[in-house]
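Engineer: From the sequence below, what's the structure:
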Amino acid sequence: MCSPSSAAAGTTTVATGAVRAAVTNGAAPSRTDAAGVEWLCRPGLPDDPCRANLTTTVIPESGPATVAHASSAVNPPVDCFYVYPTVSEQPGVVANLHVDPSETAVARIQASRFSQVCKVYAPVYPQLTLHALTDRGAITGPDIAAAYTSVQAAWMDYLAHYNRGRGVIVIGHSQGASLLIQLLERKVDNNPAVRSRLVSAIILGGNVTVPVGKTVGGSFQHIPACTTIRQFGCVIAYSSFDQMPPVDSLFGRPRSSAGLQVLCVNPGDLSGGTAPLAPYFPTRSAAKGLGGLSGITPPKLPTPWVTEPDLYSGQCLSEGGATWLQVSAPIHIGDPRKIVGQTLGPTWGLHLVDVNIALGNLVSLIRNEASAYRG
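Structural biologist: Numbers count the residues shown, from 1 in each chain. Okay, here's the model as predicted:
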């Protein structure tokens, strides 16, 4: 789940035929609507991974585990537009539009809990693959542009044929976050009519920037950081670490130091300070298809989800040119629970669990924002 290189980011258009040509190996695009957009998640699709079983095992510090039940909303008042991170295990640099188990798995573990609040739309796009990240020299400008062009086309299709004036929450992680930053910059930030529909933007592990000490500017000129739970039309962004990001970190540090810092909004307390985080992690059954990219060793439990209340806390910190969500989890004597660690090393921090480490907080936040948006 990693971000693409920013090289050739100025390339913004690619012929539709080039994007469609990403469908290779004779695999016909699936889940195609009348506009030619392939949807991983969309209301009405069979086996929609964004409307999954939400039953959760709750493991406390002491005492027996319990089971909590939740479900997707029948007719939620707002929409979510979700762009998934780098998960494709296809052999080329650019993924085709075939829906693989890795895409359905990541949608299930990152996006399905948001269905308690919104109708989730998630386009399939020709993303840079995991293979591409091991051979960055093979990535071209058109490869990067193809991913963005596809997501933009899906967004325009969504607005034209599905939105119907409803409020929308955009959600993206890693490569998905990088693409949504571009989309918001180009198609939302300077368009008051579209911006008025924005309930919230959840942009995780994507390095949204603001001027040092400010809540707006940098990446977006009109979309500020969220600072209260009833605020809407704002952005929640962070990259999670369990220690200060090193100088060569991929996240938490701006690519340019010209008066900018990476934005950190604590999902546990938008006003700042240290606050409890509400993690929701997949168990072995829910993580099937994602391999080691879940960021945890999924436990074997009878439910698809597990949560560990009162274990993790988060605080936004700034030091040495880095800004990040510091995740802490002091284990007390006798507490049998295990904590997440740096699966990919210190330069990545807790990147793989950016979404799940505070998924309960994020769902609660968008519920409040959606309520405020609707008045």
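Engineer: confidence score at the closest residue to Ser294 other than its chain neighbours?
Structural biologist: Of all residues not flanking Ser294 in the chain, Ala287 sits nearest, at 4.5 Å (CB to CB, 6 or more residues apart in numbering). C-betas here are computed from N, CA, C, even on glycine. Predicted confidence (pLDDT) for Ala287: 93.
Engineer: where does the stretch 151-300 of the chain dip in pLDDT?
Structural biologist: 257 (pLDDT under 70).
Engineer: Which residue ranges of it form helices?
Structural biologist: 175-187, 192-195, 284-287 (DSSP state H, counting those that start in this stretch).
Engineer: How much space separates the residue nearest to Ser294 from Asn368?
Structural biologist: Note on Ala287: its distance to Asn368, by CB to CB, to the nearest Å, is 29 Å.
Engineer: These two: which is more packed in?
Structural biologist: For Ala287 versus Asn368, neighbours defined as other CB atoms under 10 Å are more numerous around Ala287 (23 against 17).
Engineer: My read is that the more buried one contacts Pro298, right?
Structural biologist: Yes: with contact defined as CB atoms under 8 Å, Ala287 counts as touching Pro298 (4.2 Å).
Engineer: residue contacts, the residue lying closest to Val210 once chain neighbours are set aside?
Structural biologist: Closest residue to Val210 in three dimensions, ignoring its sequence neighbours and counting by CB to CB, 6+ apart: Gly218, at 4.4 Å. By CB atoms under 8 Å, 6 or more residues apart in numbering, Gly218 lies in contact with 208-211, 260, 263.
Engineer: How about the contacts made by the closest residue to Ile339 other than its chain neighbours?
Structural biologist: Leaving out its chain neighbours, the residue that sits closest to Ile339 by CB to CB, 6+ apart is Ala329, at 4.2 Å. Residues near Ala329 by CB under 8 Å, 6+ apart: 242, 311-313, 339-340.
Engineer: likewise Gln243?
Structural biologist: 326, 346, 349.
Engineer: Apply 7 Å and report the result again.
Structural biologist: Pro346 (CB atoms under 7 Å, 6 or more residues apart in numbering).
Engineer: where exactly do the strands run in the stretch 101-250 of the chain?
Structural biologist: 118-123, 168-173, 198-204, 209-211, 234-238, 240-241 (DSSP state E, counting those that start in this stretch).
Engineer: how about those strands in TSV, adding distance to Ala145 and mean neighbour count?
Structural biologist: Converted to TSV, the strands of the stretch 101-250 of the chain look like this (distance: least, CB to CB, whole Å; neighbours: other CB atoms under 10 Å):
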stretch	distance to Ala145	mean neighbour count
strand 118-123	16	26
strand 168-173	17	27
strand 198-204	20	27
strand 209-211	21	19
strand 234-238	23	26
strand 240-241	29	27
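Engineer: how about these in JSON lines, adding distance to Asp100?
Structural biologist: Output for those, formatted as JSON lines (distance: least, CB to CB, whole Å):
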{"stretch": "strand 118-123", "distance to Asp100": "14"}
{"stretch": "strand 168-173", "distance to Asp100": "17"}
{"stretch": "strand 198-204", "distance to Asp100": "22"}
{"stretch": "strand 209-211", "distance to Asp100": "32"}
{"stretch": "strand 234-238", "distance to Asp100": "28"}
{"stretch": "strand 240-241", "distance to Asp100": "26"}
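Engineer: I'd like to know which of those strands is closest to Ser249.
Structural biologist: The minimum distance between Ser249 and these falls on strand 240-241, with 7.9 Å, by CB to CB.
Engineer: give me phi/psi at Gly252?
Structural biologist: Phi and psi for Gly252, reported as degrees, to the nearest 10, are phi 80, psi -10.
Engineer: tally of neighbours for it?
Structural biologist: 26.
Engineer: any idea how far Val87 is from it?
Structural biologist: Gly252 is 22 Å from Val87, by CB to CB.
Engineer: Kindly report the same for Ser364.
Structural biologist: Remark: distance between Ser364 and Val87 (CB to CB) = 26 Å.
Engineer: again with Gly268
Structural biologist: 26 Å.
Engineer: These two: who's more crowded?
Structural biologist: Set side by side, Gly268 and Val87 give different neighbour counts by other CB under 10 Å, the larger being at Val87 (27 against 22).
Engineer: wouldn't the more buried one be in contact with Thr104 here?
Structural biologist: No: in this structure, Val87 is not within contact of Thr104 by CB atoms under 7 Å, at 9.8 Å.
Engineer: show me the contacts for the residue nearest to Met156 when sequence neighbours are not counted.
Structural biologist: Closest residue to Met156 apart from its sequence neighbours, by CB to CB, 6+ apart: Lys187 at 7.7 Å. Neighbour list for Lys187: 152, 155, 194 [criterion: CB under 7 Å, 6+ apart].
Engineer: In this structure Val106 contacts Val87, no?
Structural biologist: Yes: if you go by CB under 7 Å, Val106 and Val87 touch, sitting 4.8 Å apart.
Engineer: what is in contact with the two at once?
Structural biologist: Leu290.
Engineer: if we look at stretch 249-257, which residues are touching it?
Structural biologist: Under CB under 7 Å, 6+ apart, the answer for stretch 249-257 is 3, 6, 205, 207, 209, 239, 241, 245, 260-262, 321-324, 347-349, 351.
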